[in-house]
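[1] predicted model and sequence follow; I will ask about them next.
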2 protein chains.
Amino acid sequence: MSKKSPSPKSERILDVAEELFALHGYDGVTLRQIANGAGVDVALASYHFGKKLDLFNAVFQRRAGKLNESRLSALRACQKNAGDQGPTVEQIIEAFLRPLEIAQETGDQGWTNYLALIAYINNSPYWGQKMMSKLFDKLVLEFIEALRQALPGASDENLYWCYHNLSGALTLTLAQTGRIDKLSGGKCRSSDFEAAYNHMIPFTAAGFRVVCGATGPH
Amino acid sequence: MSKKSPSPKSERILDVAEELFALHGYDGVTLRQIANGAGVDVALASYHFGKKLDLFNAVFQRRAGKLNESRLSALRACQKNAGDQGPTVEQIIEAFLRPLEIAQETGDQGWTNYLALIAYINNSPYWGQKMMSKLFDKLVLEFIEALRQALPGASDENLYWCYHNLSGALTLTLAQTGRIDKLSGGKCRSSDFEAAYNHMIPFTAAGFRVVCGATGPH
DNA sequence: TTGAAAATTCAACGCTTGTTGAATATGCTG
DNA sequence: CAGCATATTCAACAAGCGTTGAATTTTCAA
């Protein structure tokens, strides 16, 4: 079980599990809710994926490869296009964020749910460290190295804390809690990823520059 | 029931519930785990607080007043100390963050757990909007107005998106997932709130300035 | 068309859940 | 000490949980 499952109903199970896990977390969802949402008997999830935790991992892993690929190719592209002094901080952060927006704009609601699931996991003291590291640390470290080159002389400590701030801003965006909608009286919308990134990129780039001590103009 | 409960065991129930809810979320904790951790029968939680959801709300509300008070007085203090042109962006953000650090440094582990619970709720698509708004929106809007005065000409949209980025960075810090510890190879520690804020303040202040268009020197 | 393999459902299990009413212990006031 | 209110435990409930083995349907190559 759980090697590859291209069956139509098993894919549907993953879709519904993705949506519900993102909304209520691992413990807030029952296999019966998932099966019911997928129009399927409860035993089918176990047949395809094993235990509940295996299903959770399967959902989390399903889109990770695609996501890492598109982010990495965005980084490589901006590195190619940049001159011999490498890409700017803004360009690197843009390569880190824009693929997420594109994932949303495909109209595939599944991607939006998946990103909300990442937000849930990344912010969880229980799941956060282990699950995120395994799938995303390699890529993140590559981005941090690119940022280090764009910020000569930056210390490790400053670099990692700055990434932490970027990661936090991104995580809250992906969670789509709707809080900014209410706070701003509707002027900002949680679902508007484009607006979120249009503000997040200059915001975080400025933070990196100040904290990591950009001395001269780039 | 649930009017006021200064009984020693009911306070212990709140403490344990606080810790477990912060770690595993609402659905990831059973009343029996809480009762067991508090050294108490399972029925006692219902006797003091009613339904499970009522207990959850009681935990969430318990420290909210103190937290809002200390943040507000920090804001008022920096407004007094500032000249007639008002406090700087850095000073306002500092007033927003430092009370959280002090809450941690009292050595009371309960405060750290409570802040992690806030992180869980604030990042949850299900709980986030309703629960956070009721207790914290009034204070947050006061800080945003102070920031508006420090950033003349800033648009609502820019202001709210910038606060969103600040809130995200803070939320991930409060969650204490330990991810930055692993990512940085131990150079940064999730438990080190002071280091987190020392980096977060200049980082986010720079973001506010750039996005909200600081034209002249302040 | 047949038959094996994969996919799906059916039925049930032992266990845990939140909740509640009654019984008991504790603390306090007169 | 009596007596009452509060605090706490005991015992049990109906419902829902994840999981599993057997039965049934579907798929598809020979």
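    Now that the structure is in, tell me what you want to look at.
[2] and A:Ala103, what pLDDT?
    What the model reports as pLDDT for A:Ala103 is 75.
[3] please disregard the earlier target; I meant A:Lys4.
    On pLDDT, A:Lys4 comes in at 45.
[4] same check, this time on A:His24
    In the prediction, the pLDDT value recorded for A:His24 is 98.
[5] run through the residues that contact the residue lying closest to it once chain neighbours are set aside.
    Distance criterion C-beta to C-beta, 6 or more residues apart in numbering or on different chains; nearest residue to A:His24, sequence neighbours excluded, is B:Tyr126 at 5.9 Å. The C-beta positions use only the backbone N, C-alpha and C, and glycine is treated the same way. The contact partners of B:Tyr126, taken as C-beta atoms under 8 Å, 6 or more residues apart in numbering or on different chains, are A:Leu23, A:His24, A:Gly28.
[6] next, count neighbours for the first one.
    Counted by other C-beta atoms under 10 Å in any protein chain shown, the residues lying close to A:Leu23 total 17.
[7] the strand or helix carrying A:Arg12 near DNA strand C at all?
    Counting by DSSP states H and E, the secondary-structure element that holds A:Arg12 is helix A:8-24. Yes - Helix A:8-24 reaches DNA strand C (C-beta under 7 Å from any atom of the strand) through A:Pro8, A:Lys9, A:Ser10.
[8] picking that back up, okay if I get the contacts of B:Tyr126 as TSV plus distance to B:Ala74?
    Supplementary listing: these in TSV, determined by distance: C-beta to C-beta, whole Å:
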residue	distance to B:Ala74
A:Leu23	35
A:His24	35
A:Gly28	35
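[9] per-residue pLDDT, A:Thr215?
    The score at A:Thr215 is 54. That number is its pLDDT.
[10] how close does the residue nearest to A:His24 sit to DNA strand D?
    Relative to DNA strand D, B:Tyr126 is positioned 16 Å away (criterion: C-beta to the nearest atom of the strand, to the nearest Å).
[11] that residue: what secondary structure?
    Assigned by DSSP: H, G, I helix; E, B strand; the rest coil, the conformation of B:Tyr126 is coil.
[12] for the one 10 residues further on, same thing?
    Assigned by three-state DSSP, the conformation of B:Phe136 is helix.
[13] mind listing what it touches?
    Going by C-beta under 8 Å, 6+ apart, B:Phe136 touches B:Ala64, B:Asn68.
[14] about what we covered before: closest to A:Phe193 among the contacts of B:Tyr126?
    Using C-beta to C-beta, A:Leu23 is the member of those that lies nearest A:Phe193, at 17.8 Å.
[15] what sits against the closest one?
    Taking C-beta under 8 Å, 6+ apart as the definition of contact, the neighbours of A:Leu23 are A:Ala116, B:Pro125, B:Tyr126.
[16] mind giving me the domain ranges of chain A?
    A:8-61, A:63-211 (automatic domain parsing).
[17] show me where pLDDT drops low in chain A?
    For chain A, the stretches with pLDDT under 70 are A:1-7, A:214-218.
[18] residue numbers of chain A in contact with DNA strand D?
    Counting by C-beta under 7 Å from any atom of the strand, the residues of chain A near DNA strand D are A:29-33, A:42-43, A:46-47, A:50-53.
[19] out of those residues, who has the most neighbours?
    In terms of neighbours by other C-beta under 10 Å, the residues of chain A next to DNA strand D top out with A:Val29 at 22 neighbours.
[20] what about A:Ala154? Give its phi and psi, please.
    Listed backbone geometry of A:Ala154 is phi -70, psi 140, with angles given as degrees, to the nearest 10.
[21] distance check, the closest residue to it other than its chain neighbours against A:Glu142.
    Of all residues not flanking A:Ala154 in the chain, A:Cys212 sits nearest, at 3.7 Å (C-beta to C-beta, 6+ apart). Here the distance between A:Cys212 and A:Glu142 works out to 17 Å (C-beta to C-beta, to the nearest Å).
[22] the more surrounded of these two?
    With other C-beta under 10 Å as the criterion, A:Cys212 and A:Glu142 differ in neighbour count, and A:Cys212 comes out ahead with 23 against 15.
[23] quick one: contacts for A:Val29?
    Taking C-beta under 8 Å, 6+ apart as the contact definition, A:Val29 lies against A:Ala17, A:Leu20, A:Phe21.
[24] quick check: the last one touching A:Val59?
    Yes - taking C-beta atoms under 8 Å as the contact criterion, A:Phe21 and A:Val59 are neighbours in contact, 6.2 Å apart.
[25] hey, what's in contact with both of those two?
    A:Leu117.
[26] one step back: tell me the one of the contacts of B:Tyr126 nearest DNA strand D?
    A:Gly28 (9.5 Å; C-beta to the nearest atom of the strand).
[27] show me where chain A has helices.
    Under the criterion DSSP state H, chain A carries helices at the ranges A:8-24, A:31-38, A:42-49, A:52-62, A:64-81, A:89-105, A:109-122, A:128-150, A:156-175, A:179-183, A:193-211.
[28] got the contact list for A:Phe208?
    A:Phe208 sits in contact with A:Val89, A:Ile93, A:Leu147, A:Leu151, A:Cys162, A:Leu166, B:Phe203, where contact means C-beta under 8 Å, 6+ apart.
[29] let me know the closest of these to DNA strand D.
    A:Leu166 (34.4 Å).
[30] leaving out sequence neighbours, find the closest residue to the closest one.
    A:Thr204 (4.7 Å).
[31] that neighbour contacts B:Thr204, doesn't it?
    No - A:Thr204 is beyond contact range of B:Thr204, at 9.2 Å (criterion: C-beta under 8 Å).
[32] okay, and the common contacts of these two?
    A:Asn165, B:Asn165.
[33] show me what contacts A:Val40?
    Under the criterion of C-beta under 8 Å, 6+ apart, the contact partners of A:Val40 comprise A:Lys9, A:Arg12, A:Ile13.
[34] for it, give its distance to DNA strand D.
    Spatial separation of A:Val40 from DNA strand D under the definition C-beta to the nearest atom of the strand is 12 Å.
[35] over to A:Glu69?
    Computed with C-beta to the nearest atom of the strand, the distance linking A:Glu69 and DNA strand D is 29 Å.
[36] same thing with A:His199?
    Shown here: A:His199 relative to DNA strand D, a distance of 39 Å by C-beta to the nearest atom of the strand.
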